[in-house]
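# Quick one, structure for this:
(3 chains)
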Amino acid sequence: MRGIGYGGDYNPEQWPESTWAEDVRLMAEAGVNLVTVGVFSWSRLQPAPGELTAGWLDRVLDLLADAGIGVDLGTGTASPPPWLVTEHPEILPVTADGQRLAPGARQHYCPSSPAFRAAAADLAERMARRYARHPALTMWHVSNEYGCHVPACYCETSAQAFRDWLRARYGSLDRLNETWGGAVWSQDYTSWDQIQPPRTAPTFANPAQQLDFARFSSAELLDCFRAEREAIAAHSQNTPVTTNFMGLHRAVDQFRWASELDVVSMNNYPDPADAESYMLSAMACDLTRSVGGGRPWILMEQAPSTVNWRAVNVPKAPGQYRGLSLQAVARGSDAVLSFQWRAAATGAEKFHSGMLPHAGTDSRVWREVAGLGADLGRLAPIAGSQVSAAVALLHDWESWWGLELDSHPSRLHLVDLLGAFYRPLFAAGVTVNFAHPESDLSAYRLVVVPALYLVSDAGADNVRRFTANGGTVLVSFFSGIVDPRDRIRLGGYPAPWQDLLGLRVEEFAPLPAETTVRLDGVVGWPGLSGSSGLSATGRLWQDVIGLRGAEPVLRYASGHLAGQTAATRHSYGEGEAFYLGTLPDRVTLRGLVAEACGRAGVEFRTDVPPDVEMVRRGEYRFVISHLDREVEVDLGGKSRDLLSSEIVGPGVVLGPRGVLVLSSRD
Amino acid sequence: MRGIGYGGDYNPEQWPESTWAEDVRLMAEAGVNLVTVGVFSWSRLQPAPGELTAGWLDRVLDLLADAGIGVDLGTGTASPPPWLVTEHPEILPVTADGQRLAPGARQHYCPSSPAFRAAAADLAERMARRYARHPALTMWHVSNEYGCHVPACYCETSAQAFRDWLRARYGSLDRLNETWGGAVWSQDYTSWDQIQPPRTAPTFANPAQQLDFARFSSAELLDCFRAEREAIAAHSQNTPVTTNFMGLHRAVDQFRWASELDVVSMNNYPDPADAESYMLSAMACDLTRSVGGGRPWILMEQAPSTVNWRAVNVPKAPGQYRGLSLQAVARGSDAVLSFQWRAAATGAEKFHSGMLPHAGTDSRVWREVAGLGADLGRLAPIAGSQVSAAVALLHDWESWWGLELDSHPSRLHLVDLLGAFYRPLFAAGVTVNFAHPESDLSAYRLVVVPALYLVSDAGADNVRRFTANGGTVLVSFFSGIVDPRDRIRLGGYPAPWQDLLGLRVEEFAPLPAETTVRLDGVVGWPGLSGSSGLSATGRLWQDVIGLRGAEPVLRYASGHLAGQTAATRHSYGEGEAFYLGTLPDRVTLRGLVAEACGRAGVEFRTDVPPDVEMVRRGEYRFVISHLDREVEVDLGGKSRDLLSSEIVGPGVVLGPRGVLVLSSRD
Amino acid sequence: MRGIGYGGDYNPEQWPESTWAEDVRLMAEAGVNLVTVGVFSWSRLQPAPGELTAGWLDRVLDLLADAGIGVDLGTGTASPPPWLVTEHPEILPVTADGQRLAPGARQHYCPSSPAFRAAAADLAERMARRYARHPALTMWHVSNEYGCHVPACYCETSAQAFRDWLRARYGSLDRLNETWGGAVWSQDYTSWDQIQPPRTAPTFANPAQQLDFARFSSAELLDCFRAEREAIAAHSQNTPVTTNFMGLHRAVDQFRWASELDVVSMNNYPDPADAESYMLSAMACDLTRSVGGGRPWILMEQAPSTVNWRAVNVPKAPGQYRGLSLQAVARGSDAVLSFQWRAAATGAEKFHSGMLPHAGTDSRVWREVAGLGADLGRLAPIAGSQVSAAVALLHDWESWWGLELDSHPSRLHLVDLLGAFYRPLFAAGVTVNFAHPESDLSAYRLVVVPALYLVSDAGADNVRRFTANGGTVLVSFFSGIVDPRDRIRLGGYPAPWQDLLGLRVEEFAPLPAETTVRLDGVVGWPGLSGSSGLSATGRLWQDVIGLRGAEPVLRYASGHLAGQTAATRHSYGEGEAFYLGTLPDRVTLRGLVAEACGRAGVEFRTDVPPDVEMVRRGEYRFVISHLDREVEVDLGGKSRDLLSSEIVGPGVVLGPRGVLVLSSRD
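Purely as a prediction, here's the structure:
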């Protein structure tokens, strides 16, 4: 594979061998140069413990190699075969309610199960030994979507592993009891074997225990990955290893995981029924790029059209497959793969669209698939280049787990909050990275902190330092509330950032669903009142804010807090800090974010038409319309479009879901 | 019993023996001539394993015989007694989640349990031996509502029985693996004992496995029925045997079962709170008649007024008990029974209405009960006659199970779809049979195929042949998609009927709930645009249709498919085929169905007032008003009304919920 | 403690010993004189079986004693420590679904567990031995919120205890079978060990079994309480013993329990997001006073502001903590405590507000806490005085359990129905007691009977006698339906009160949710038609009423029952009886209640402003505004306000959430 990779999951074992030649021929026709093979093939690779019976796979790889198609080779461990379950029923995972899940679907394994880990590593090792030097081999694909269906297991094996993990983390029960708040509700442990996973209890389980169990579960899954990676490494050192992440997916801490992957890859399934899905999709791309530290990544799976697992599975609109594929490239992906090459005829995914649909090549989907192959061929110069961003959204899986614990002031959903802040930046053509709170922020001008409930001392200091050194920070409510033990940082909220923000939050007054509070812009902030007028509102949350140096930007205008401060600005060192005690309506929030960008020196474009995406990768500027009609865009000058090879601009009319890839060198 | 049977479930064991004489006296007063006894009497018939202690039942049957009241005698096996559960706790059924259900209600048995089957057969055999020659005995009533609360059991006994059933069906694991798509998600079995029921798994269980489990579960329940029937046959050969079906009930394949019953009977519980319940009720009657091959059937249970098991249990309106009872007779029933004779004072069903209510005989319900007895007496000439139909709705339990599997393009509910097509036919006085796809269709002029997801080659051929021979067929979206293995029929949908329909469906584009697409009638189909005007809409589904000979009838007029074909007509052999790629609004669908009827030569009356039912049985025409006010009906001539013995027509004003039974001989 | 007690739960074990001095200093500052200690301290009091390691608690109690602060000392048994669960895993409770609940939260014990009971009694005994003579000791606080999370356990131990309880109750299986209706659904038991708790079954479990299980579960919890109380009594006889009830809480029969408590206490958590929560709160206060027989009681827990366990936890409005605290005093409480003193930093309750919030003393909450302390100091003269009432709402836990069983005509919720009748009385300044149906009613003028589904013969006679002797009674639909066996009282409803009411209900016609029936006032009841005009409606229920002497008051004006009677009045002996066959809209119901009060000679004030509460305790009259704005109130004369020491009236403007405590002596 050179240039941009293109292809999808290829499951030849589902089809008679007679179809394979047609597959390869059509792959060539569509410009496919990379396919993922073997992800779910365990029962066909190893019908019984012991040797591989993989002659069929040899033949498949040979065919692909002959056609110059690279293979992202699965270790085949994503779904344990029936014989393994029968031999080791204890590998089946158990829910928090104590229900042992059955085989018959996929991912039916306890991540801590020694029997599962041994069998998976054994298969991975056999695969590596056999195929390490196969000419088709391009990449190793370990397992599949870790934690998708079984983010955590609550069985006795997991319980013992949890105890071991805790013992390693805390050393002593005293420290564990102190951390978990054992004095609350009589939960002091006097022996390690008393500790259980946070199984369903009469009421709320200990939140620190829940948080540690989320950490543990991510770590156990990572150990599963490591075991396979190491089994591969025994035979194959020079082929990159990946596993497919799932974008904004809670189960695994991608910041911790990504450093263990040679290539970061991601499955992306935005819902075509959601008119704003391109925005969530872009966010997932940016996250994936960010966890990989900016390296080019791989869009490992997407749907050519429909999926099969929603209640109602709407197809992608004409052009939407292309638009979202090019979005991924624009945001740093070096390959565009789909699940799956040929739509299945049997099994639970048979109504998931394929690049080659049930209807065959005389179909819209196939025509779009072939068209994209040609497009990607034209984008070869982009491969390997990087995306840079002046704005960071702080993100931390540990804080996410903490934020969404039960027994909180209200139920906040991180993805919604990230989206709320991402939306205006996206719409203004501002590229965003996701940054871990303890990471180096010096490259950013603006850092946005949406509901970073949990923050370490180091993370808190990092944000303060960033601001003191001239950065601009925009912090939302329910940030900086607890330390990594899920222990309240006392003294008014957010305790570590009161000096930074010039305020102290005394109380939380969350708003019931469907309830809003009116907001008034403060005099001197005409930009805000101009943008939101008299109809500004907040929802979801209200902080009761006491000013300690900050100037008010918004005030509550209804309810018990009428007249009190709802949002602020504060100078801190060389920089300045904004704070939001509620979630303003979209127009008002956009005004605030624009203001923060303006002060931070981040270009915030107000001339990007709605539903048009603008993003720069390396020397190229992508303009992607997510509209089903024509739209006029001002390019600001003339450029060459890599897709059409034409010179366009300064004004251009993009067709429905049209895309331009503009070279800045022309 | 001569003429039309009348009565209900009689549970004398719930009452002191002193009330029995009053029961029999009141039965006579109400015209009752048939009661069902003993259905739930196991614990009173057999307080311990071994002999019957049924002296009380002897006395009950003697009393009834003396009064000339026939008995539909239960085998008493519907609810296992406590001693059996204690002795054989393994008979308790287990849910897909692995929860073993408790005793304390009813139907708490695993259909595959040898202990349960043996105990049930033993009781049935003892009952048959004791009562085979009792003068009251009219019919045997095996068990009750098979599969109502426990349509399937997932315990280990069931798992083993499932394996045996699969081995008998497939012979080899290779064939099973091929059929179930073992290559998908690593599910190839290498030993029969690896196979499990489709218990709750981390995600979607194998759909072919689910489908086979539905077949198996229906078959296991049928084996339970057979075991009792055979135990009866050892002592009683000349008395008909039945069990009560439940109308549009998914659990048991009534087409397979009905041939094993001497008489088909049905429980019918339309919800009085649903203004259209009479339509669903009529559909259940037609289905019951159809599965029995047109034989007269028995309305085994209905509620005189309220039931007890809905969240809110609304009573039947005045006259509604009569109207729905006579509807059953009109649609082929030879008996009208209710649950239950005397409203219970204890237990879970004490708020279920009885023919004799808590309030006693000075009550509306009792007066209606007695009135209906008199009415039914007048309908004796009708008993035994048949209902004929020119239109068939294709129906197949296997397709139903397949249609409602998970991981589909959208969630379709067969009963709703059947109702959508049944509604306009019912409203136009068109009588409908339900026909199995492989059955002889030659008696029909129009065959409607609503979402027949799964069809065998024989079924597909059958429909083609029917049309080629001059029939008219109306096929909806998502028909002909898979074969009996739940395997996609490849090459565009519906693969077996593309020639028949003159089109190919390339993609599905289901519509989210609450979303509609605008539809335009095609020029040349003024009847349609006239009936639906500019406001025609589709919902639920959209097929992407490529024409291959068919002419368009409706086009999508909004959304991504605007301008494309939504419905078609195609000539095929001597007949013609209509296709619907979406579910049109009621007016538009009615127009299409009327058109199809017109072309098929089926009389489609447009002068039937709304909520008035017209149906012919033998030589009699029933006119049933489901309105709470008067309504004028044009009878087209003079006839004698069997109920009032008066000559009525040609115009007649029916009172609220009035009924006429018109003799065509007068 | 003298005067009104003030304080909250104090959990010093959650904090370093260095903070304790500050706690005591701030308690003094806030006027705190009573704190609850040790409720959840088991794991800190007894880290292993055997002796107490309670040195820390000694020091806490000494500190409190030195500061003159009384202690309500927990027995510490509310949450079993990990070592006990590990040693006796069988103490963990099991749900109706068979799921064994995990430790890690609280209240994870089976109430029938011998191991749990022994361990709890052992701890209580050790605590009593150690602290019986401690100068701080003011009261014993046994366990916590019995039945809150685990109202019943379905494990095998519970099953055996249930059998023992049943054997004691019924003596013979014949009587049990007769009572439970064993003839229905084949449920006759032939051996005690066949009986199970009403675990989840294929459909509705036997309702009499469910009702007995609710009785049993309340009794088992009471036995837990008794065991601890007796363990205390071995060392401490003169200190009152309490446990905290939860107001309108279904699990425990407070009428049975209250006589076993020296002091009745209650936790009250009205939802500040509910605009009417002050009314529900008042109802809980009246219930608590009533179960205690009118004795002064203790508000044991409330939230200073937010709780943590709702989906959205709204803070109390400014002044609301004060208003609701004084409401409790007005309605008979002699102490006002909160959960908890210092807001926790860890654990599941860390976002539950504390008297001393995370933000510290510079906070609204703290200022209100300190302010209330001063207010309560001024109310010392009120302590010990009683509240009297001329109106009783009949209430019985057994009837509640019966009313909310499944398989009923409709789903009624007792708390909603109690609230419907309480609302107009509250709004008119009428104080209400809750009375058990068999209790002495002679002190009342009006008795209201809302949906008293189950009534004993004695209870039914009691109501008849009360009316015959000149009382006025107002009975709602679905009252007097069953006897204590949950057996229908036959012969039309309500069988025991047809003579009293002058009517017979023949059928129930419940209304679906969102459905209403129009009502017409009957001529001669102009007060009603005047109050409700043409828009009177009923909802939820309709009785089909046959008059037998009563005069109609309301008639149905739509639906099948149009023209029939909906509500009645009837003279009976010296008194009169009203009956409601539906639930009228608020205005109409208020009119009826006003009329009943007028005829009963109960003062029903129509000049109380909305959201203003008026209630008399002893010689003092409380006027409590629940409004966030000013309101004018007519006091009818001049009085001294105990809170401000000022003379006020006759007219007065109350500030937002203002409170007056008026001495009738001034």
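# Mind jotting down where the helices sit in the stretch 401-550 of chain A?
A:414-427, A:457-468, A:498-501, A:526-532 (DSSP state H, counting those that start in this stretch).
# Same list as before, the ones you listed that is, but in JSON lines and with distance to A:Ile4 and mean pLDDT included.
Just so you know, the C-beta spots here come from the backbone N, C-alpha and C atoms, and that holds for glycine as well. Rendered in JSON lines, the data for the helices of the stretch 401-550 of chain A read as follows (distance: least, C-beta to C-beta, whole Å; pLDDT from 0 to 100):
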{"stretch": "helix A:414-427", "distance to A:Ile4": "23", "mean pLDDT": "98"}
{"stretch": "helix A:457-468", "distance to A:Ile4": "35", "mean pLDDT": "98"}
{"stretch": "helix A:498-501", "distance to A:Ile4": "43", "mean pLDDT": "98"}
{"stretch": "helix A:526-532", "distance to A:Ile4": "40", "mean pLDDT": "49"}
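# what about the strands in the stretch 551-666 of chain A?
Secondary structure of the stretch 551-666 of chain A by DSSP state E, counting those that start in this stretch: the strands cover A:551-556, A:565-572, A:575-580, A:583-584, A:612-617, A:620-625, A:631-634, A:639-641, A:647-648, A:651-654, A:659-663.
# residues touching the residue lying closest to A:Gln14 once chain neighbours are set aside, list them.
Closest residue to A:Gln14 in three dimensions, ignoring its sequence neighbours and counting by C-beta to C-beta, 6 or more residues apart in numbering or on different chains: B:Ala183, at 4.5 Å. If a contact means C-beta atoms under 8 Å, 6 or more residues apart in numbering or on different chains, then B:Ala183 has A:Asn11, A:Glu13, A:Gln14, A:Ser41, A:Ser43, A:Arg44, A:Thr346, A:Gly347, B:Asn177 as its contacts.
# Which residue, other than its chain neighbours, is closest to the residue nearest to the spatial centre of chain A?
Geometric centre of chain A, nearest residue: A:Gly247, 2.0 Å, by C-alpha atoms, centre = their mean. For A:Gly247, the nearest residue in space outside its immediate sequence neighbours is A:Ala284; the separation is 3.2 Å by C-beta to C-beta, 6+ apart.
# Can you tell me the SS state at the one you found?
Reducing the assignment to helix, strand or coil with DSSP: H, G, I helix; E, B strand; the rest coil, the entry for A:Ala284 is helix.
# Next one: it relative to chain C, how far apart?
Distance of A:Ala284 to chain C, given as C-beta to the nearest C-beta, to the nearest Å: 28 Å.
# Just the pLDDT for that residue.
The predicted local confidence for A:Ala284 comes out at a pLDDT of 98.
# Contact partners for it?
Neighbours of A:Ala284 in contact, by C-beta under 8 Å, 6+ apart: A:Gly247, A:Leu248, A:Met266, A:Asn268, A:Pro270.
# circling back to that earlier point, can you tell me the SS state at the residue nearest to A:Gln14?
Under three-state DSSP, the three-state class of B:Ala183 is coil.
# Enumerate the residues of the stretch 101-250 of chain A near chain C.
When proximity is defined by C-beta under 8 Å from any C-beta of the partner chain, the stretch 101-250 of chain A lies next to chain C at A:180-191, A:193-196, A:198-209.
# So which of those are in helices?
Using DSSP state H, A:Trp180, A:Pro207, A:Ala208, A:Gln209 are the members of those that sit in helices.
# Pick out the most distant pair among these.
Put simply, by C-beta to C-beta the two of those set farthest apart are A:Trp180 and A:Pro207, 8.7 Å from each other.
# quick one on the thing from earlier: and the residue nearest to A:Gln14, how far is that from B:His408?
Taking C-beta to C-beta, to the nearest Å as the measure, B:Ala183 and B:His408 are separated by 21 Å.
# next one: stretch A:340-358 to chain centre, how far?
25 Å (C-alpha atoms, centre = their mean, to the nearest Å).
# What average pLDDT does it get?
Mean pLDDT, taken over the full extent of stretch A:340-358, equals 98.
# got the end-to-end distance for that stretch?
12 Å (C-alpha to C-alpha, to the nearest Å).
# can you pull the contacts of A:Asp628?
Taking C-beta under 8 Å, 6+ apart as the contact definition, A:Asp628 lies against A:Ala317, A:Pro656, A:Arg657, B:His560.
# and the stretch 1-150 of chain A, which residues reach chain B?
Within the stretch 1-150 of chain A, the residues that sit near chain B (C-beta under 8 Å from any C-beta) are A:11, A:13-14, A:40-44, A:47-48, A:76, A:78-83, A:85-86, A:93, A:99-108, A:148-150.
# how far does stretch A:638-651 stretch from start to finish?
End-to-end distance for stretch A:638-651, by C-alpha to C-alpha: 8 Å.
# Can you mark which positions in it are buried?
Applying a neighbour-count criterion of 16 or more other C-beta atoms under 10 Å in any protein chain shown, one finds A:Ser639, A:Arg640, A:Asp641, A:Leu642, A:Leu643, A:Val648, A:Gly649 buried in stretch A:638-651.
# What of stretch A:307-321?
Going by neighbour count (16+ other C-beta under 10 Å), the buried part of stretch A:307-321 is A:307-310, A:312-321.
# care to break chain A down by domain?
If the domains of chain A are taken from automatic domain parsing, they occupy A:5-78+A:129-152+A:223-382, A:156-209, A:391-600, A:612-663, with pieces of a single domain joined by a plus sign.
# Ok, which of these comes nearest B:Ala132?
Nearest to B:Ala132 among those is domain A:5-78+A:129-152+A:223-382 (50.7 Å), distances taken as C-beta to C-beta.
# Contacts only, for the residue lying closest to A:Ser277 once chain neighbours are set aside.
Spatial nearest neighbour of A:Ser277, excluding adjacent residues (C-beta to C-beta, 6+ apart): A:Pro270 at 3.6 Å. Shown here is A:Pro270, whose contacts under the criterion C-beta under 8 Å, 6+ apart are A:Ser277, A:Tyr278, A:Leu280, A:Ser281, A:Ala284, A:Leu324.
# Next one: A:Pro270, what pLDDT does it get?
Note on A:Pro270: pLDDT of 98.
# Just the closest of the buried residues of stretch A:307-321 to chain C, please.
A:Arg310 (25.0 Å; C-beta to the nearest C-beta).
# Apart from its neighbours in sequence, what residue is nearest A:Arg229?
Distances taken as C-beta to C-beta, 6+ apart put A:Val241 closest to A:Arg229, at 5.3 Å, once the chain neighbours are dropped.
# Near the one you found, how many other residues are there?
Using other C-beta atoms under 10 Å in any protein chain shown, the number of residues around A:Val241 comes to 22.
# same check, this time on A:Ala119
A:Ala119 has 23 neighbours, counted by other C-beta under 10 Å.
# Output the contacting helices and strands for the helix or strand harbouring it.
Secondary structure assignment for A:Ala119, by DSSP states H and E: helix A:114-131. Helices and strands in packing contact with helix A:114-131 are listed as helix A:42-45, helix A:82-87, helix A:207-233; criterion 3 or more C-beta pairs under 8 Å, 6 or more residues apart in numbering or on different chains; DSSP states H and E.
# Dump the buried residues of stretch A:638-651 to a markdown table, plus distance to chain C and pLDDT.
Shown next, in a markdown table, are the buried residues of stretch A:638-651 (distance: C-beta to the nearest C-beta, whole Å; pLDDT from 0 to 100):
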| residue | distance to chain C | pLDDT |
| --- | --- | --- |
| A:Ser639 | 50 | 95 |
| A:Arg640 | 54 | 96 |
| A:Asp641 | 50 | 97 |
| A:Leu642 | 50 | 97 |
| A:Leu643 | 49 | 98 |
| A:Val648 | 51 | 96 |
| A:Gly649 | 50 | 87 |
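# Which one of these is nearest to B:Pro510?
Nearest to B:Pro510 among the buried residues of stretch A:638-651 is A:Leu643, at 31.8 Å by C-beta to C-beta.
# That closest one contacts A:Asp375, correct?
Yes: with the criterion set as C-beta atoms under 8 Å, A:Leu643 and A:Asp375 qualify as a contacting pair; they are 5.7 Å apart.
# now the strands for the stretch 351-500 of chain A?
With DSSP E, counting those that start in this stretch as the definition, the stretch 351-500 of chain A shows strands at residue ranges A:391-394, A:432-435, A:446-449, A:472-476.
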